[in-house]
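S.K.: sharing a model prediction with you, sequence too.
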Amino acid sequence: MGNNRPKLAVWKFASCDGCQLSLLDCEDELLAVAEAVQIAYFPEATREVVEGPYDVSFVEGSVTTPHDEERIREIREISGIVITLGACATSGGIQALRNFADVQEFTNIVYANPQYIDTLDKSHPISDYIKVDFELRGCPIDKYQLLEVVISLLAGKRPNIPTHSVCMDCKLKMNTCVLVAGNEPCLGPVTQAGCGALCPSYNRGCYGCFGPQDSANTDSMTEVWRHLGVADETILQAFRGFNGFLEPFKGASERLE
Amino acid sequence: MELKVLQLDQLNDLIQVLIMDDYQLIGPKVKDGVISYDSIKSSSELPIGIIDHQSPGKYALQNIQSSRFFGYTVSPYSWKKYLYPPVQSLFKVNRNGKGISFEVTNDEPRYAFLGVRGCELNAIKIQDKIFLKGNYIDPNYKRRRELSMIIAVECFNTCETCFCDSVGSGPEIPDGADIVLTEIFEDGDHYFLARSETEKGQDIFNHLKLNDADDKHVLIKDAQLERVRTQLKRRVQTTGLKSNLMANPDHPRWDEVAERCLACSNCTMVCPTCFCMTVEDVNDLDGTTDRQMRWDSCFTSEFTYIHGGNTRESVKSRYRQWLTHKFASWQDQFDSLGCVGCGRCITWCPPGIDITEELEALSIPSNQYKKGE
Ligand code: SF4
Ligand code: SF4
Ligand code: SF4
Ligand code: SF4
């Protein structure tokens, strides 16, 4: 591909770095990726910085400060394609829990000098500010999905990222359903696939890391969990996880308040 | 062919003969908390004394401290997982120099399926019609099917979810098995009655020294089957079913069931007759592509995606597709129902939606129907 290698930048907003680490975690594939693309800006991996504009920008994290708001708009201007990585960037992340409460109250309790804290009321997904070309879900993202996106970019095809339920993946793997056979509360039926049904494969219910599937029926899910004997308070907390501010998870938890 | 007696210790002989004959023996065993159709090397791996309890949205095993080998009903995943695997590679494309080359690798498994139930054999026969008849034959299915051997075992128990009888798919074993076994427990005696139905089956029998059964055995066998039949409580009223379903696309029940349905696709995935698939290209960074076929479901929104959007946006329309396909349009397409009454879709549906209950509700004229009936 020689000099036609696309220039790639990786940006960080409010996040834990886990999604960027997934990129570094592609050890076996990293060399091939580095050959196929020019990693021009990726402070987590290298101090070398190649100036923009960039063909592709990966954005991790949510927008939580006025400074973030400016920065994300600038990134959009110098980027050809913008792809968000993970729950924070796509839904506001776990830090969006504050969206259900009063941030001022938190800052007053936590910080000795809250007057120095300059923060927004809410933790926002990137798409609240700019046009996002593709959103990669997950907390953290799945490295195979990330590779699929990179490969698809290079091949000029639509990435193969299904939006159906985790149950589909569970069934393709011939897992035993932990909900039906184990009375284990599982969010798989309302959650988008992507992890390869990781938790059910290890006998745990799904935590909803990849956010709602495209046709999530959260109220029926609530009923199913109630039938399993789960308290409403616990169901509320399950919906209010890494993707709690994304509809219809948001509405489902609010109806349980 | 004539009925034989297969003594308990000869069950393992049968298994060993099949393995010696280069069959990969697939039979029931306990795995991950369920009865799973898996690779078996000896009769001691069978689920001895284990029965299953299945009800809407619930599954559990129980050890009843018996020496019975085939006391359970049906496993979560049917034999479909072998004859029509969930993910199949169709071909690979390799980049070499300036050109590309294609590579097809065909698996050649010789499966012997031990423990196929009446409903399950009917499901295989339905899939035979789908994949082996008409203008478009699936060569992969054909190869696996032709190489495989079917050893059916008559049911001894039923689950609350079974309704084979009312859709004409059981509990008796239809034509099409190579060997049929019936496990008998009678007055402290425990043995099998065995019948070979094909040359393939007879070849296997020739390696075993089996005594002839007598009239008394036939009576015992018939009585057992009748007892099983009377245990089946769940029913589908098939007369007028197709015309009624097709005439009622706006029945209020569709809205009600859509409120419960999670559009999770579990029902179609476990159904032994559902055959829908999609094709995906799995690309590598080095330029190789694996074109794969994988199971799909009419419950996903991607399923009906065409340029500009998908044609079944609501969960209601997807549930209606599933039920009308199984019980109505399937009849036009393949000349039979698309359901063999195995009950899997009822058991493995997280909210426990029961197709027989839905069909009954839908048979009530819309204008007389009251919500929640
Ligand atoms: S274990 Fe969870 S994700 Fe898997 S099939 Fe059951 S409900 Fe769906
Ligand atoms: S529709 Fe349900 S009961 Fe009928 S064959 Fe399929 S899984 Fe079995
Ligand atoms: S019910 Fe749905 S998944 Fe099953 S065969 Fe029909 S269209 Fe396909
Ligand atoms: S009928 Fe049940 S198993 Fe099927 S998609 Fe709806 S909720 Fe899932």
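M.R.: Perfect, I can see it now. Ligands and ions are numbered 1, 2, ... in the order given.
S.K.: what ranges do the helices span in the stretch 251-373 of chain B?
M.R.: B:252-260, B:266-270, B:315-324, B:330-334, B:344-347, B:355-362 (DSSP state H, counting those that start in this stretch).
S.K.: do the second one and ligand 4 come into contact?
M.R.: Right, the one you point to is helix B:266-270. Yes. Interface with ligand 4: helix B:266-270 contributes B:N266, B:C267 (C-beta under 6 Å from any ligand atom). For every residue, glycine as well, the C-beta is placed using N, CA and C.
S.K.: same check on the last one?
M.R.: No. When contact is scored as C-beta under 6 Å from any ligand atom, no part of helix B:355-362 falls within range of ligand 4; the minimum is 8.0 Å.
S.K.: show me what that helix is packed against.
M.R.: If contacts are counted by 3 or more C-beta pairs under 8 Å, 6 or more residues apart in numbering or on different chains; DSSP states H and E, helix B:355-362 sits against helix B:241-247, helix B:252-260, helix B:315-324, helix B:344-347.
S.K.: so which of those helices comes closest to B:L208?
M.R.: B:L208 lies closest to helix B:344-347 among the helices and strands packed on helix B:355-362, at 32.9 Å (C-beta to C-beta).
S.K.: the residue in the stretch 51-200 of chain B that ligand 2 sits nearest to - how many residues pack around it?
M.R.: Relative to ligand 2, the nearest point of the stretch 51-200 of chain B is B:A123 (6.2 Å; C-beta to the nearest ligand atom). Look at B:A123: counted by other C-beta atoms under 10 Å in any protein chain shown, it has 28 neighbours.
S.K.: sorry, back to before: mean neighbour count, distance to ligand 1 and mean pLDDT for the helices and strands packed on helix B:355-362 - can I get that in CSV?
M.R.: Shown next, in CSV, are the helices and strands packed on helix B:355-362 (neighbours: other C-beta atoms under 10 Å in any protein chain shown; distance: least, C-beta to the nearest ligand atom, whole Å; pLDDT from 0 to 100):
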stretch, mean neighbour count, distance to ligand 1, mean pLDDT
helix B:241-247, 16, 27, 96
helix B:252-260, 18, 15, 97
helix B:315-324, 21, 16, 98
helix B:344-347, 26, 12, 98
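S.K.: kindly reformat the helices of the stretch 251-373 of chain B as JSON lines containing distance to A:E44.
M.R.: Output for those, formatted as JSON lines (distance: least, C-beta to C-beta, whole Å):
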{"stretch": "helix B:252-260", "distance to A:E44": "45"}
{"stretch": "helix B:266-270", "distance to A:E44": "39"}
{"stretch": "helix B:315-324", "distance to A:E44": "41"}
{"stretch": "helix B:330-334", "distance to A:E44": "54"}
{"stretch": "helix B:344-347", "distance to A:E44": "47"}
{"stretch": "helix B:355-362", "distance to A:E44": "51"}
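S.K.: could you export those helices as CSV, including distance to ligand 2?
M.R.: CSV is the format used below for these (distance: least, C-beta to the nearest ligand atom, whole Å):
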stretch, distance to ligand 2
helix B:252-260, 14
helix B:266-270, 6
helix B:315-324, 8
helix B:330-334, 10
helix B:344-347, 3
helix B:355-362, 6
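S.K.: show me the helices in the stretch 1-150 of chain B, by range?
M.R.: Assigned by DSSP H, counting those that start in this stretch, the helices in the stretch 1-150 of chain B fall at B:8-20, B:80-83, B:118-132, B:139-147.
S.K.: same check on the stretch 101-250 of chain A?
M.R.: Shown for the stretch 101-250 of chain A, the helices assigned by DSSP H, counting those that start in this stretch span residues A:103-110, A:143-155, A:166-172, A:178-182, A:198-201, A:218-227, A:232-239, A:249-254.
S.K.: of all these, which lies closest to B:D332?
M.R.: helix A:166-172 (27.7 Å).
S.K.: touching ligand 4 at all, that closest one?
M.R.: No. Using C-beta under 6 Å from any ligand atom, we find that helix A:166-172 stays clear of ligand 4, coming within 7.0 Å at best.
S.K.: what helices and strands are in contact with that helix?
M.R.: Applying 3+ C-beta pairs under 8 Å, 6+ apart, we find helix A:166-172 packed against helix A:198-201, helix B:266-270, strand B:289-295.
S.K.: most packed of these?
M.R.: With neighbours taken as mean count of other C-beta atoms under 10 Å in any protein chain shown, these reach their highest mean count in helix B:266-270, at a mean of 26.
S.K.: get me the contact residues on the stretch 251-373 of chain B for ligand 1.
M.R.: Proximity of the stretch 251-373 of chain B to ligand 1 (C-beta under 6 Å from any ligand atom) is limited to residues B:C264, B:N266, B:P350.
S.K.: rerun at 8 Å
M.R.: Applying C-beta under 8 Å from any ligand atom, we find that the stretch 251-373 of chain B lies next to ligand 1 at B:C264, B:N266, B:W348, B:P350.
S.K.: right, and the first one touches A:C186 too?
M.R.: No. The pair B:C264 and A:C186 fails to qualify as a contact (C-beta atoms under 8 Å) at a distance of 10.1 Å.
S.K.: these two: which has the busier surroundings?
M.R.: Remark: of B:C264 and A:C186, B:C264 carries more neighbours, 34 against 30, as counted by other C-beta under 10 Å.
S.K.: got a list of what residue 26 touches?
M.R.: Unless you meant another one, I'm taking chain A. Applying C-beta atoms under 8 Å, 6 or more residues apart in numbering or on different chains, we find A:C26 in contact with A:V33, A:K143, A:L146, A:L147.
S.K.: oops, I was thinking of chain B
M.R.: B:Y37, B:D38, B:S39, B:I40, B:W79, B:Y82, B:Y111, B:A112, B:F113, B:L114.
S.K.: which ones among those lie within strands?
M.R.: B:Y37, B:D38, B:S39, B:Y111, B:A112, B:F113, B:L114 (DSSP state E).
S.K.: for the first one, give its distance to B:Q54.
M.R.: The one in question is B:Y37. 16 Å (C-beta to C-beta, to the nearest Å).
S.K.: quick check: residues of chain B near ligand 2?
M.R.: Contact residues (C-beta under 8 Å from any ligand atom) of chain B with ligand 2: B:119, B:123, B:161, B:163, B:167, B:169, B:267, B:270-274, B:326, B:338-346, B:355.
S.K.: and the helices and strands packed on helix B:355-362: which comes nearest B:D9?
M.R.: Comparison of the helices and strands packed on helix B:355-362 against B:D9 by C-beta to C-beta identifies helix B:344-347 as nearest, at 33.1 Å.
S.K.: for that closest one, what is the distance to the chain centroid?
M.R.: Centre-to-centre, helix B:344-347 and its host chain are 11 Å apart (C-alpha atoms, centre = their mean, to the nearest Å).
S.K.: does any part of it sit near chain A?
M.R.: Yes. In terms of C-beta under 8 Å from any C-beta of the partner chain, part of helix B:344-347 sits within range of chain A, namely B:T347.
S.K.: can that helix be found next to ligand 3?
M.R.: No. Figure legend: helix B:344-347 not in contact with ligand 3 (C-beta under 8 Å from any ligand atom); closest approach 9.5 Å.
S.K.: now stretch B:237-249
M.R.: No. Stretch B:237-249 is not in contact with ligand 3 by C-beta under 8 Å from any ligand atom; minimum separation 12.9 Å.
S.K.: end to end, how far does that stretch reach?
M.R.: Counting by C-alpha to C-alpha, to the nearest Å, you get 19 Å between the two ends of stretch B:237-249.
S.K.: ligand 4 contacts on the stretch 201-350 of chain B?
M.R.: For the stretch 201-350 of chain B, the residues in contact with ligand 4 (C-beta under 8 Å from any ligand atom) are B:257, B:260-268, B:297, B:299, B:315, B:318-319, B:322, B:345, B:348-350.
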